[in-house]
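**Student:** Structure here, sequence nowhere to be found:
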C-alpha cells in the first residue's frame, strides 16, 4: 500500500522539523530592492547527508570540499551559500576561501567546520570577497521561517524563488521533505549551476539516503535543459535530521517507498521550476517519450528533444514543426522504428506511424501559445518511459547572455 | 618531402578533369532572382566513391540509398541533388521517390541507376514533388563550368555559395581536388542539413579514398557547429575518376600524402565556410586547443567550446568571459589540469596557469569585434592538438528559427 503524500502549504526548505535558515545582503551582487546574496541552512541535530555534484572536469573548490564532507559515514549541521561569485578557476585561493567560509559559518553556529558545507554560484574566475564573508556570515539570523530568505539569497539571474515541501504520515508520525533550488543559465543535465537543497526530518539510513537522492536526481534535475551548457558548481544536497521522531527509514517498506516518492516529488518540482525560469524563457516545455525500448532510451530521447535549439525556437514561434522533434529524437541514437512513431502537442496528435497527419492547425498553434507546452513522442516499440523539461529559446536569452559581465 | 599544393583560381566542383555539373529551377522552393533548386554532378568515367553520412537514427531515404551505393566495390557516375524538400519522414514513399530520382538522372545521362546517387535538403515530413522531378531532371544541362550553378542549386538559407579547388603535381601530372558544400538554414527553417561534394581527377584506390575522406571529415565537417543539432540528411561524398592520367594513389608515398592534404584543405575550407554562414551569424569563431593529452581530447574540447551557447553569446557580446570557455572545455570530460590552462583571444593572453591575468580590455573587446575570432586554449599537459569552428549566436538566429509559424 502506498502512503499518501500531501503538499505542505507555503512549504520551504525549513518546513521539516529542526531546520532553520536565513539570508543577508553582503554586497557581492549589485544592490537591489529586497536582494540577498548570502544564506545558511542549519539543523541543531546532525544530519545524515547525501549529495550529487557537477560532472564537469573543471569544478568549483566548494564542490571539491563538499564531496569530501558528504558520505555515508559523515554527518553535517549546515550549508552556507553565496550568490554573485562562483569561486571557480581562481587557483589555490579557491579552496582556502571555501574552507574559511565553512569555518566562519561553523563558528557562528557553534558546530564543527567539518560538519559544514558550502556552495557558491555566480561569475567564474573571480575570487570570493572574503572581507564581506567575514563581516556578514556572523550576521545571518537563523529562524524556522527563514526558508524564504535563503531561497532569495541563492538566486542569480532567476526571476523567482523555487520552494516546496510535502509530507507523509507513518504510524501517526508526520514526516516532511522540503526543498529549495535556483537556476537559471548553464543548465543541462549532469547538473548546471543549479543548486538545490532538500531537507527532511525523517530519520534515514545514510546509504538509503544517497540511493534515494541519486534515483530522484536522475529523473528530475538531470532531465532539464536551458542552454545545453553544464556548470562547474552544480550541487544537490539532501539532509535528514531525524527530528520527526519516527523509526529509521532504510528501504524495503511502505515508509521508505513514501519517503523516496516524497523526495522525487520535491526534486521534480524544483527541477521543473528551474526549466520554467530559464533565461529569457516565455514557457515551459515538457517532453514525454513513451513506448521506448527502455526507460534510459526514453530519458535520453526526451532530454535530447528538450535540449534542441531548433525545438526550443519552434515552440517559441508556435510552429508545430515535428521534423525538428524527429531530428532531436533521432540524434539521441536510441533504438526506434521510424514507421511506428506518433507525436502529440498537448493531446493533439500531429504524427501517426512516422508521417504527418491532418489536424486542426489553429488548435495546435493555440496549444503552443500556452505557458506550458507538452510534447509527447510515442515510439510504440516497448514500455520505456521518460520525461524531460526545457524552456523556449528567445531573443531575450541572446540579449541577456551577450551582455552579462563586461 | 611534401608536394606543394596550389589554390586553383575560381575553383569549383568541376575544376577536376572530366567532371561536369549543372542546375535548374524546378519550382520546389519559392522563386527568386537567380534561384536554382535542382542540380547534378556528372563524370563520364566511372568514379571510385567514398562517403560519410549523418549519424542520426532517423535519416532521409536518400541517405539510406546512398549508403547502399557507396563502397570500396562500387563505382558511380553522378549525384542528383534537390533543395527545398528533405525527403525525410514520409514513410515508404521516401525510398520510392529517391530511387526514381536516380533513375530519372541516370536515363538523362545514359548511365545505370545503381551508379547514380541522390541527396535532398529542405523541410522534413513533406514528399518530394515528383512531377517536377520528372519534368526538370531531364532539362539539366551538364557543362564543365556548371559548378557554380550546382553550388547555387543546393543552397537553402545559405547567404552565399561555398566552392574551392586545389591542385598538386606528381611527376608532371596535375591532380585537382574540387569541392562544394551548403550549410545551415532554410527558407522554411527546419534544420541545418550539411551537404558537401568533393571531386578529384586523381586515380585513387577506393579503400584509400574512404580512409582519406573519413580522416578529413573528422577534423573538418565534424568540428563545426552552428546550433548543436544534427540533420537527418548530412552527406559528404568524394568522387575520384582518374581522368588526370596519373598513377594510382593508394597510400604510403608522397603523392598519397599530397592527395590527403589536398582533400583535407578542401574539406576544411568548405566546413569553415558553413560555420561562417551559420544562421544569424555575424562572425566566425575558431577554437584551437593545444597541449592536450591526445588529439581526440583536443578535438572534443575545441568542439565543445565552439558549440557552447554561452561562448557563442559571449563572443557576440564582445565579452572576454573566459569562465564560459573553462566551463565548455570542462564539460567535454577530457584529461586536464586546471592550474596549467592558458587562454588567448586572437593572440592576447587573458588566462595564465588557470587564473585570469591583467590585459588590455580594449584590445580584447576590439579583437572580439572582428569578423573572425580566434580562441586558443593551451592545456600544457601533452601534444594533443585540435580545432573547431562555430559562429556567434544572435537574436537573428532566434527570429529566423521561430518566425516560420503555421
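**Tutor:** All right, it came through fine. Bear in mind that the values here come from a model prediction, so they are computed numbers and not experimental data.
**Student:** from here on, contacts and neighbour counts on C-alpha atoms
**Tutor:** Fine.
**Student:** and the end-to-end length of stretch A:334-344?
**Tutor:** In stretch A:334-344, first residue to last residue: 20 Å (Cα to Cα, to the nearest Å).
**Student:** buried sites along that stretch?
**Tutor:** Buried positions in stretch A:334-344, judged by neighbour count with 16 or more other Cα atoms under 10 Å in any protein chain shown: A:334, A:335, A:336, A:338, A:339, A:340, A:341, A:342, A:343, A:344.
**Student:** Inside helices: which ones of those residues?
**Tutor:** Among the buried residues of stretch A:334-344, none falls in helices (DSSP state H).
**Student:** Turn the residues you listed into CSV, columns for pLDDT.
**Tutor:** Converted to CSV, the buried residues of stretch A:334-344 look like this (pLDDT from 0 to 100):
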residue, pLDDT
A:334, 93
A:335, 94
A:336, 94
A:338, 91
A:339, 93
A:340, 96
A:341, 96
A:342, 97
A:343, 96
A:344, 97
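**Student:** from those, which is closest to residue A:203?
**Tutor:** Nearest to residue A:203 among the buried residues of stretch A:334-344: residue A:334, at 39.9 Å, using Cα to Cα.
**Student:** which stretches of chain A have low pLDDT?
**Tutor:** Within chain A, the stretches with pLDDT under 70 are A:1, A:184-193, A:226-230, A:403-406.
**Student:** domain assignment for it?
**Tutor:** A:6-274, A:284-401 (automatic domain parsing).
**Student:** Pull out the buried positions in the lengthiest helix in chain A.
**Tutor:** For chain A, the helix that runs over the most residues, judged by DSSP H, is helix A:254-276. For helix A:254-276, the buried set under the neighbour-count rule, 16+ other Cα under 10 Å, comprises A:255-276.
**Student:** when you scan whichever helix or strand comes after that helix, is anything in it near chain B?
**Tutor:** Using DSSP states H and E, the next helix or strand after helix A:254-276 towards the C-terminus is strand A:284-292. No: using Cα under 8 Å from any Cα of the partner chain, strand A:284-292 stays clear of chain B, with a minimum separation of 13.9 Å.
**Student:** which strands and helices sit next to strand A:284-292?
**Tutor:** In terms of contacts (3 or more Cα pairs under 8 Å, 6 or more residues apart in numbering or on different chains; DSSP states H and E), strand A:284-292 is packed against helix A:254-276, helix A:295-307, strand A:372-378, strand A:384-391.
**Student:** make it 7 Å
**Tutor:** For strand A:284-292, the packing partners by 3 or more Cα pairs under 7 Å, 6 or more residues apart in numbering or on different chains; DSSP states H and E come out as helix A:295-307, strand A:372-378, strand A:384-391.
**Student:** Just give me how far it sits from the chain centre.
**Tutor:** In this view, strand A:284-292 has its centroid 19 Å away from the chain centroid, taken as Cα atoms, centre = their mean, to the nearest Å.
**Student:** Likewise for stretch A:372-386?
**Tutor:** 22 Å.
**Student:** What of stretch A:162-171?
**Tutor:** Between the centre of stretch A:162-171 and the centre of its chain there are 17 Å (Cα atoms, centre = their mean).
**Student:** Stretch A:89-96 too?
**Tutor:** 26 Å.
**Student:** For that stretch, which outside residues touch it?
**Tutor:** Here stretch A:89-96 makes contact (Cα atoms under 7 Å, 6 or more residues apart in numbering or on different chains) with A:61, A:87, A:88, A:124, A:125, A:126, A:127, B:339, B:354, B:355.
**Student:** Closest one to residue B:160 out of those residues, please.
**Tutor:** Distances from residue B:160 to the contacts of stretch A:89-96, taken by Cα to Cα, are shortest for residue A:124, at 38.3 Å.
**Student:** Residue B:325 is in contact with the closest one, correct?
**Tutor:** No: Residue A:124 is beyond contact range of residue B:325, at 10.0 Å (criterion: Cα atoms under 7 Å).
**Student:** tally of neighbours for residue A:360?
**Tutor:** 10 (other Cα atoms under 10 Å in any protein chain shown).
**Student:** Next, the closest residue to residue A:50 other than its chain neighbours: secondary structure please.
**Tutor:** Spatial nearest neighbour of residue A:50, excluding adjacent residues (Cα to Cα, 6 or more residues apart in numbering or on different chains): residue A:210 at 4.7 Å. Reducing the assignment at residue A:210 to three states with DSSP: H, G, I helix; E, B strand; the rest coil gives helix.
**Student:** right, and residue A:210 touches residue A:52 too?
**Tutor:** No: here residue A:210 lies out of contact with residue A:52, judged by Cα under 7 Å, at a distance of 8.6 Å.
**Student:** middle-most residue in chain A, spatially?
**Tutor:** The C-alpha lying nearest the average C-alpha coordinate of chain A belongs to residue A:271 (Cα atoms, centre = their mean; 4.1 Å).
**Student:** ok, now which ones touch it?
**Tutor:** Each residue near residue A:271 by Cα under 7 Å, 6+ apart is listed here: A:220, A:221, A:224.
**Student:** and the gap between it and residue A:5?
**Tutor:** According to Cα to Cα, residue A:271 stands 19 Å off from residue A:5.
**Student:** And residue A:327, by the same measure?
**Tutor:** From residue A:327 to residue A:5 the distance is 39 Å (Cα to Cα).
**Student:** show me the residues around residue A:149 that make contact.
**Tutor:** By Cα under 7 Å, 6+ apart, the neighbours of residue A:149 are A:22, A:23.
**Student:** What residues does the stretch 251-400 of chain A have near chain B?
**Tutor:** The stretch 251-400 of chain A comes close to chain B at residues A:308-310, A:313-314, A:316-319, A:323-324, A:326-327, A:330-331, A:333, A:338-339, A:354-356, A:393-395, A:398, as judged by Cα under 7 Å from any Cα of the partner chain.
**Student:** Which strand in chain A has the most residues?
**Tutor:** strand A:38-53 (DSSP state E).
**Student:** can you tell me the helix or strand for the residue of chain A most remote from its centre?
**Tutor:** Most distant from the centre of chain A: residue A:358, at 38.4 Å, with distances by Cα atoms, centre = their mean. Residue A:358 is part of no helix or strand, with elements assigned from DSSP H and E.
**Student:** three-state assignment of the nearest residue to it once chain neighbours are set aside?
**Tutor:** Spatial nearest neighbour of residue A:358, chain neighbours left out: residue A:350 (6.9 Å); criterion: Cα to Cα, 6+ apart. Of the three states, residue A:350 takes strand according to three-state DSSP.
**Student:** So what's the residue count around residue A:350?
**Tutor:** Neighbourhood size, residue A:350 [other Cα under 10 Å]: 21.
**Student:** now do residue A:53
**Tutor:** For residue A:53, the number of neighbouring residues by other Cα under 10 Å comes to 21.
**Student:** Contacts only, for it.
**Tutor:** Contacts of residue A:53 by Cα under 7 Å, 6+ apart are A:63, A:191, A:234, A:235, A:236.
**Student:** from what I can see the fourth one touches residue A:55, true?
**Tutor:** No: at 10.2 Å, residue A:235 and residue A:55 do not qualify as touching, with contact defined as Cα under 7 Å.
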